[in-house]
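# Have a look; sequence and predicted model below, questions after that.
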Amino acid sequence: MSTLAANRKPKVMGLRDAISTYVHSGDTVSLEGFTHAIPTAAGHEIIRQGITDLTLVRMTADIVVDQMLAANCISTLVSSFVGNSSAGSLGEIRRRIEASGPQNLNYVEYSHYGMVCRYLAGAQKLPFYPLRSYFGSDLPKVNPEIRKVLSPYPGPDGKPEEIYVVPPINPDVAIVHAQRADQWGNVQMWGLTGIQAEAVFSAKHAIVTVEEIVPDDVVRSDPNRTIIPSHAVSAVVPVPFGAHPSFIQGYYDRDNDFYRSWSAISADEALLAEWLATWVHGTTDHSEYVELMGAAERERLSVAPAMSQPVNYGRRR
């Protein structure tokens, strides 16, 4: 056994310990998952631990952001989309953005591609990332971080040209969700993979919640599904149903009933406070949240198998 293999340690942690170790009040936290594999359980644990004054970076600010904002975890939101995933509005985010009182929200807006470029710059340790898509947009007028620089190379007409650039994202911790990982933190994912890998590589620390921890040989048998290698992961956390109400390809479906109901809940501050009291503050951890869902609800969200065709990686004779 090599010295490196002998000295490495498993990175499996419980969710409570992972959050308390790597997430602190005042931090910049990236919480990513594009429609699929949203790390909702981690967001709830941040609420339970009373962590506040976060700068939350999330491309698609959705229900979990609405909940964390209602729990006073967030002071600044950096995002490129705000909405209840085609099912309605987000009451708390809307109240905070439109408010003028002490509980208003510092909202920093980019385009989707602008956020992708910020993660790419952060992951590659670049000072900025160039893009053309802000030409003709009003976003540079409301976001002073979107700037122009003079390219060191000539444009199509042979003359120097100005190009928009965005700054890197380098959060204190990135939190993402995926299907599975081994004990060392090699994370495998399929379906919509979003910006998960780039978010992890951009951060000082990374917490990855997964549906299950699998044996090493399962990961080694299909290495191309490993989108995040162990050296980029600080903690890997088994959290079944950890993305609800979003979906996990091959594990459970999107809870559309929940998405449709959320608009009415979040529109009423009292109903929203009651929901948090029951489903987050009233549960000691995510396993109790899942029990509260009930067996019938979990069965309703179950999915039928749709197996992928095996591949032959070949083996040296």
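Cool, the structure landed.
# and the residue nearest to residue 148 when sequence neighbours are not counted, which of the three is it?
Nearest residue to residue 148 in three dimensions, chain neighbours excluded: residue 162, at 4.6 Å (C-beta to C-beta, 6 or more residues apart in numbering). Where C-beta positions appear, they are placed from N, C-alpha and C, glycine not excepted. Reducing the assignment at residue 162 to three states with DSSP: H, G, I helix; E, B strand; the rest coil gives strand.
# Neighbours of residue 162, how many?
12 (other C-beta atoms under 10 Å).
# same thing with residue 118?
For residue 118, using other C-beta under 10 Å, the count is 27.
# Residue 31 now?
Counted with other C-beta under 10 Å, residue 31 comes out at 29.
# do residue 137 as well
For residue 137, the count of nearby residues is 14 (other C-beta under 10 Å).
# Over to it: give its phi and psi.
Backbone torsions of residue 137, given as degrees, to the nearest 10, read phi -100, psi 150.
# Spatially nearest residue to it, not counting backbone neighbours?
Going by C-beta to C-beta, 6+ apart, residue 137 has residue 111 as its nearest residue, at 7.1 Å.
# what do you get for residue 34?
Distances taken as C-beta to C-beta, 6+ apart place residue 194 nearest to residue 34, at 3.3 Å, with adjacent residues excluded.
# With residue 193 instead?
Take residue 193 and drop its neighbours on the chain: the residue closest to it by C-beta to C-beta, 6+ apart is residue 227, 5.8 Å away.
# Quick one: residues contacting that neighbour.
The neighbours of residue 227, taking C-beta atoms under 8 Å, 6 or more residues apart in numbering as the test, are 178, 187-189, 193, 196-197.
# try it again with 7 Å
187, 189, 193, 196-197 (C-beta atoms under 7 Å, 6 or more residues apart in numbering).
# Reformat those as TSV; add neighbour count.
Rendered in TSV, the data for the contacts of residue 227 read as follows (neighbours: other C-beta atoms under 10 Å):
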residue	neighbour count
187	29
189	25
193	18
196	28
197	22
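# Pick out the most distant pair among those.
187 and 193 (10.4 Å; C-beta to C-beta).
# Low-confidence ranges, the protein, go.
1-7, 100-102 (pLDDT under 70).
# Let's verify residue 258: helix, strand, or coil?
The three-state assignment at residue 258 reads helix, by three-state DSSP.
# Burial check on the residue lying closest to it once chain neighbours are set aside, number of neighbours?
With C-beta to C-beta, 6+ apart as the measure, residue 245 is the residue that lies nearest to residue 258, at 3.9 Å, once sequence neighbours are left out. Other residues within reach of residue 245, judged by other C-beta under 10 Å, total 24.
# How about the contacts made by residue 245?
If a contact means C-beta under 7 Å, 6+ apart, then residue 245 has 63, 254-255, 258-259 as its contacts.
# what about the residue nearest to residue 34, helix or strand, and which?
Residue 194 belongs to no helix or strand when assigned by DSSP states H and E.
# Isn't it up against residue 31?
No: with contact defined as C-beta atoms under 7 Å, residue 194 and residue 31 do not form a contacting pair (11.5 Å).
# Give me the contacts around the host helix or strand of residue 67.
Using DSSP H and E, residue 67 sits within helix 63-70. For helix 63-70, the surrounding residues in contact (C-beta under 7 Å, 6+ apart) are 31, 38, 40, 43, 46-47, 56, 58, 74, 77, 84, 90, 92-93, 96, 105, 245, 262, 266, 272, 276.
# Partner strands of the strand or helix carrying residue 77, with direction?
Using DSSP H and E, residue 77 maps to strand 74-79. Each strand that pairs with strand 74-79, with its direction, by DSSP bridges: strand 54-57 (parallel), strand 106-109 (parallel).
# Flag every buried residue along the last one.
Along strand 106-109, these residues count as buried under the neighbour rule (16 or more other C-beta atoms under 10 Å): 107-109.
# cool, stretch 265-280 as well?
Within stretch 265-280, the residues that count as buried by 16+ other C-beta under 10 Å are 265-267, 272, 275-276, 279-280.
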